[in-house]
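Chemist: Generate coordinates for the sequence data below:
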Amino acid sequence: GNDTAHMIAQEPVLSAAQRKDVAGIINRAREICGLCFGVYVGPLANGRESALAQHAVLPDPAGGVLVALDPDSRTIEIVTGVDAVRILDNRACELAVLAITSCVAAEDLVGGIREGVLLLAERARTPRVWHLDDVGSLEQGFHLSDLRSLRLDDREEKFVQLWVAAVGQRILGHVDCALV
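Modeler: Next up, the predicted model:
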């Protein structure tokens, strides 16, 4: 792995040029928000447990964020340390997973890593407070049509649109939302 960029990847999965690109992405993310990012590309035999084990080897696990991808099983796990989770909520991680999924589906693994990691870094840079026009709707969740009442930036809106297009249907069920 690259100690500077905290990347663990099997050689056959990423070429040397791709590994260099990912190292640059990780370093850029650290510059944006100050968190320690890591990227793992390889088998996640035990799913989330495997991702947690990879997160533990980051230089700063408490303030670290690991994006783990298993291309063979099409598994994506994002693990945030106890300090990082204070500024990166589940919603940010879900958006990052959608971004990665969209790119990986188009056979662009490095593009997926770039979009997901940089989205997380941007979200960590400035904590966001979400306002809903109708606070009562929080008890029942909200649907895609309610996304207009959230002030999504262009990147988030793009990922929601990509995801809806990729699945070919509206968001199923409810999206959890927490007010800070």
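
Chemist: CA atoms for contacts and neighbours, from now on please.
Modeler: Fine.

Chemist: for the chain, which spans come out with low pLDDT?
Modeler: When residues are selected by pLDDT under 70, those of the chain lie in 1-12, 126-155, 157-180.

Chemist: same thing but 90
Modeler: Of all residues in the chain, those with pLDDT under 90 make up the ranges 1-16, 71-74, 86-87, 89, 105, 125-180.

Chemist: so where do the strands sit in it?
Modeler: For the chain, the strands identified by DSSP state E occupy 7-9, 36-41, 64-70, 75-80, in order along the chain.

Chemist: These: which one's closest to residue 118?
Modeler: Each of the strands of the chain was scored for nearness to residue 118 using Cα to Cα, and the closest is strand 36-41 (10.1 Å).

Chemist: thinking again about what came up before, need the strands of the chain in a markdown table (columns: distance to residue 110).
Modeler: As requested, the strands of the chain are exported to a markdown table (distance: least, Cα to Cα, whole Å):
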| stretch | distance to residue 110 |
| --- | --- |
| strand 7-9 | 12 |
| strand 36-41 | 10 |
| strand 64-70 | 11 |
| strand 75-80 | 13 |
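
Chemist: Mind checking these for the one nearest to residue 87?
Modeler: strand 75-80 (9.6 Å).

Chemist: what lines up beside the closest one in the sheet?
Modeler: When pairing is defined by DSSP bridges, strand 75-80 lines up against strand 64-70 (antiparallel).

Chemist: Touching the strand it pairs with from outside, list them.
Modeler: Taking Cα atoms under 8 Å, 6 or more residues apart in numbering as the criterion, the residues outside strand 64-70 that touch it are 35-44, 51, 54-55, 58, 75-81, 83-84, 113, 117.

Chemist: same thing but at 6 Å, please
Modeler: The set of residues that contact strand 64-70 without belonging to it, under Cα atoms under 6 Å, 6 or more residues apart in numbering, is 36-44, 55, 75-81.

Chemist: Would you mind getting the angle between that strand and strand 36-41?
Modeler: Orientation of strand 64-70 against strand 36-41 (axes from the mean of the first three to the mean of the last three Cα atoms, to 10 degrees) gives an angle of 10 degrees.

Chemist: Pull out the buried residues from strand 64-70.
Modeler: The neighbour-count check on strand 64-70 (16 or more other Cα atoms under 10 Å) flags 64-70 as buried.

Chemist: can I get these in JSON lines with distance to residue 94?
Modeler: Formatted as JSON lines, the buried residues of strand 64-70 follow (distance: Cα to Cα, whole Å):
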{"residue": "64", "distance to residue 94": "17"}
{"residue": "65", "distance to residue 94": "14"}
{"residue": "66", "distance to residue 94": "14"}
{"residue": "67", "distance to residue 94": "12"}
{"residue": "68", "distance to residue 94": "13"}
{"residue": "69", "distance to residue 94": "14"}
{"residue": "70", "distance to residue 94": "17"}
